[in-house]
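K.L.:
predicted coordinates and the sequence they were generated for:
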Amino acid sequence: MRAPSPLEVSSASSSSPFLFSQPQIPPRLRYAVLGAGFAGLSVAYNLLKQSPKDSNLRIDVFDEVGIGGGASGVSGGLLHPYSPKAKLLWRAAECWDEALRLLNVAEAAVPDAAAIVRRRGILRPALSMKNMMVLEDNAHNGLAGCRIETIDEDAAQNLVPGICSPFNTSFYMPQAVNVHPQRYLEALFLACQTLVKELCASGLGVKELHLHKVSIQKLLELEGEYEAVIVCLGAKADLLPELSGRLPLRTCRGVVAHLQLPDNMGGEYPGFGPSILSDAWLAVQGPRSLYMGSTWEWKSRNSSPNVSADEAAEALKELLPKACRIYPVVRDWTFIGARAGLRAMPPLTPHGSLPLLGCVNNIIGLNQTCKYWLFGGLGSRGLLFHGWLGKLMAQAVLSCNEDLIPYELTSWKRTKQ
Ligand SMILES: Cc1cc2nc3c(=O)[nH]c(=O)nc-3n(C[C@H](O)[C@H](O)[C@H](O)COP(=O)(O)OP(=O)(O)OC[C@H]3O[C@@H](n4cnc5c(N)ncnc54)[C@H](O)[C@@H]3O)c2cc1C
């Protein structure tokens with residue numbers, strides 16, 4: 001008896017008792033991830049990580065600029081689980097753990113891990129009496145993985161010589177980190193590629209990952225091509241015609257200035273010195289390089305990373321006095337350039353400002369099983385949220401089950417806009 005051809009096997013009824021069983025090639029699942037920032041790359045990584053080992057999977061990541069083309073690439077890279085008033089943020093432990101896990105994944109993918117994450121903590125001097133009392137109160141309810149220590153002026157000086165703590169009290173988060181966002185995203189993409197190779201080498205299923213430098217003009221362009229399309233376009237999600245005006249997002253442009261200590265000057269930032277949070281933050285990159293941020297221009301629609309000379313001058317005028325109040329010698333550092341990004345700010349909920357997740361078929365007018373998804377509104381805390389929420393998003397997409405996402409993140413869909 002001749003063996004049936006693959007065509008005969010696949011077209012025959014599976015209940016036929018007389019056919020040889022041939023290994024079936026599982027159909028290829030295709031997913032489109034729109035945007036290669038914190039949100040998009042976290043989803044891409046988690047889709048690969050959590051898809052069944054024997055599945056044939058193809059992920060297409062679309063970004064009109066490339067990796068880190070939006071707010072993620074220019075962000076300050078400060079990562080800790082507290083609000084500006086030092087209150088623990090919603091589900092801080094899960095967010096913190098998963099963010100650190102993804103940082104580790106990215107670091108493992110490159111030879112120079114030290115260039116991605118600077119583990120020196122973050123220092124926040126109290127700026128008013130009220131500020132000090134609130135911070136002190138919250139310092140007792142910190143997260144074990146990122147505790148807050150209350151320190152006096154001397155201890156703060158030991159960490160950062162020249163720092164001013166107007167109320168002789170600072171709050172120090174020794175486990176907080178500061179990330180170089182662009183290098184981190186590039187390393188995370190590399191980690192995705194490495195994972196694809198490892199999964200393919202197991203011989204169980206074929207995995208593919210493609211990055212396309214393409215601008216997506218409308219969601220329905222992708223209709224029929226994918227099992228699911230996940231929109232991770234940051235502040236520009238609202239520009240898609242199918243979503244425009246339907247997302248409860250406000251936009252806010254922020255400028256970040258790059259400062260360097262001139263070669264002929266001493267007073268390098270100490271190698272063990274933490275980054276600084278205050279009305280303006282200083283994200284330290286090295287002994288002679290730091291980023292100072294950031295401005296808050298509400299309602300701006302300008303997502304360009306380029307900053308004109310006038311905009312840079314305005315930003316410096318606003319930021320320098322705030323930074324000098326806590327680190328006066330920063331006045332001697334030289335301005336060498338500025339970049340900007342557009343934040344996608346979600347509404348305030350009883351749990352704080354939470355990103356917007358969920359299936360958006362009903363918003364764009366489709367009634368099929370889940371297909372179009374949104375992962376947006378990461379606000380000013382994208383680094384903290386991206387790891388855990390990217391994982392939840394991938395689980396929901398793979399199983400086509402929105403209920404896997406905590407209701408706090410999907411409740412925006414039930415609120416009348
Ligand atoms: C000045 C500033 C400082 C910040 N500092 C911090 C910080 O210190 N810590 C922190 O946690 N967060 C910080 N944030 C917030 C953080 O940057 C955001 O929460 C985060 O970047 C949002 O990530 P995202 O992936 O949702 O969006 P984005 O990073 O904006 O990514 C969206 C991507 O989609 C692409 N895209 C857009 N439209 C299209 C289209 N039509 N077709 C194809 N591709 C498209 C873009 O090129 C971009 O790469 C800061 C933000 C700003 C602006």
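P.N.:
Perfect, I can see it now.

K.L.:
and stretch 58-77, which residues are buried?
P.N.:
58-64, 67-77 (16 or more other Cβ atoms under 10 Å). (C-beta placed from N, C-alpha, C; glycine too.)

K.L.:
got any ranges where the stretch 201-350 of the chain has weak pLDDT?
P.N.:
Counting by pLDDT under 70, the stretch 201-350 of the chain contains no low-confidence range.

K.L.:
which stretches of it form strands?
P.N.:
Using DSSP state E, counting those that start in this stretch, the strands of the stretch 201-350 of the chain run over 207-212, 228-231, 250-260, 275-276, 281-286, 289-293, 297-298, 334-345, 348-349.

K.L.:
dump the fifth one to PDB, keeping only the CA atoms.
P.N.:
The reference is to strand 281-286. The C-alpha trace of strand 281-286 is given here as PDB (Å, rounded to 0.1, in the frame of the first residue of the first chain):
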ATOM      1  CA  TRP A 281      16.000  65.100  37.000                       C
ATOM      2  CA  LEU A 282      19.600  64.300  36.200                       C
ATOM      3  CA  ALA A 283      20.100  60.900  34.600                       C
ATOM      4  CA  VAL A 284      23.800  60.200  34.900                       C
ATOM      5  CA  GLN A 285      25.500  58.400  32.000                       C
ATOM      6  CA  GLY A 286      29.100  58.600  33.200                       C
END
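
K.L.:
please identify the buried residues of stretch 146-163?
P.N.:
Neighbour-count burial for stretch 146-163 flags 146, 148, 151, 153, 156, 159-160, 163 (criterion: 16+ other Cβ under 10 Å).

K.L.:
in the stretch 301-417 of the chain, what residue comes closest to the ligand?
P.N.:
Gly382 (2.4 Å; Cβ to the nearest ligand atom).

K.L.:
now that residue, nearest residue through space, not along the chain?
P.N.:
Here the nearest residue to Gly382 in space, its sequence neighbours aside, is Phe38; by Cβ to Cβ, 6 or more residues apart in numbering that works out to 4.5 Å.

K.L.:
for that neighbour, what are its contacts?
P.N.:
For Phe38, the contact set (Cβ atoms under 8 Å, 6 or more residues apart in numbering) comprises 72, 75, 181, 185, 378, 382-383, 385-386.

K.L.:
could you save the buried residues of stretch 146-163 as CSV and add columns showing distance to the ligand and pLDDT?
P.N.:
Formatted as CSV, these follow (distance: Cβ to the nearest ligand atom, whole Å; pLDDT from 0 to 100):
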residue, distance to the ligand, pLDDT
Cys146, 13, 95
Ile148, 17, 92
Ile151, 22, 94
Glu153, 26, 94
Ala156, 21, 97
Leu159, 19, 97
Val160, 18, 97
Ile163, 19, 96
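
K.L.:
the buried residues of stretch 58-77: which ones sit near the ligand?
P.N.:
62-64, 69-72, 74-77 (Cβ under 6 Å from any ligand atom).

K.L.:
can you tell me which of the residues you listed is closest to Asn361?
P.N.:
Checking those against Asn361 with Cβ to Cβ, the nearest one is Phe62 at 19.3 Å.

K.L.:
I'd guessed that closest one sits against Gly69; true?
P.N.:
No. With contacts counted by Cβ atoms under 8 Å, Phe62 stays clear of Gly69, the gap being 10.8 Å.

K.L.:
what stretches of the stretch 1-150 of the chain score poorly on pLDDT?
P.N.:
Along the stretch 1-150 of the chain, the parts satisfying pLDDT under 70 run over 1-26.

K.L.:
which positions in it make contact with the ligand?
P.N.:
For the stretch 1-150 of the chain, the residues found near the ligand under the criterion Cβ under 6 Å from any ligand atom are 34-40, 62-65, 69-72, 74-79.

K.L.:
try 8 Å this time
P.N.:
For the stretch 1-150 of the chain, the residues in contact with the ligand (Cβ under 8 Å from any ligand atom) are 34-41, 62-79.

K.L.:
tell me where the stretch 251-400 of the chain has helices.
P.N.:
Assigned by DSSP state H, counting those that start in this stretch, the helices in the stretch 251-400 of the chain fall at 309-326, 361-364, 382-399.

K.L.:
redo those as a markdown table? Include mean neighbour count.
P.N.:
Converted to a markdown table, these look like this (neighbours: other Cβ atoms under 10 Å):
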| stretch | mean neighbour count |
| --- | --- |
| helix 309-326 | 16 |
| helix 361-364 | 15 |
| helix 382-399 | 24 |
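
K.L.:
pull the most distant pair out of the buried residues of stretch 146-163.
P.N.:
Pairwise across the buried residues of stretch 146-163, and taking Cβ to Cβ, the largest span is found between Cys146 and Glu153, at 23.2 Å.

K.L.:
OK, now which residue of the stretch 51-200 of the chain is nearest to the ligand?
P.N.:
For the stretch 51-200 of the chain, Cβ to the nearest ligand atom, closest residue to the ligand: Gly70, 2.3 Å.

K.L.:
my read: that residue touches Gly35, true?
P.N.:
Yes. Counting by Cβ under 8 Å, Gly35 is a contact partner of Gly70 at 6.9 Å.

K.L.:
quick one: Gly352 from Ile148, how far?
P.N.:
18 Å (Cβ to Cβ, to the nearest Å).

K.L.:
same for the longest helix along the chain, what does it pack against?
P.N.:
Assignment by DSSP state H gives helix 181-201 as the longest helix of the chain. Secondary-structure packing of helix 181-201 (3 or more Cβ pairs under 8 Å, 6 or more residues apart in numbering; DSSP states H and E): helix 38-50, helix 71-74, helix 92-108, strand 207-212.

K.L.:
perfect, I'm done here.
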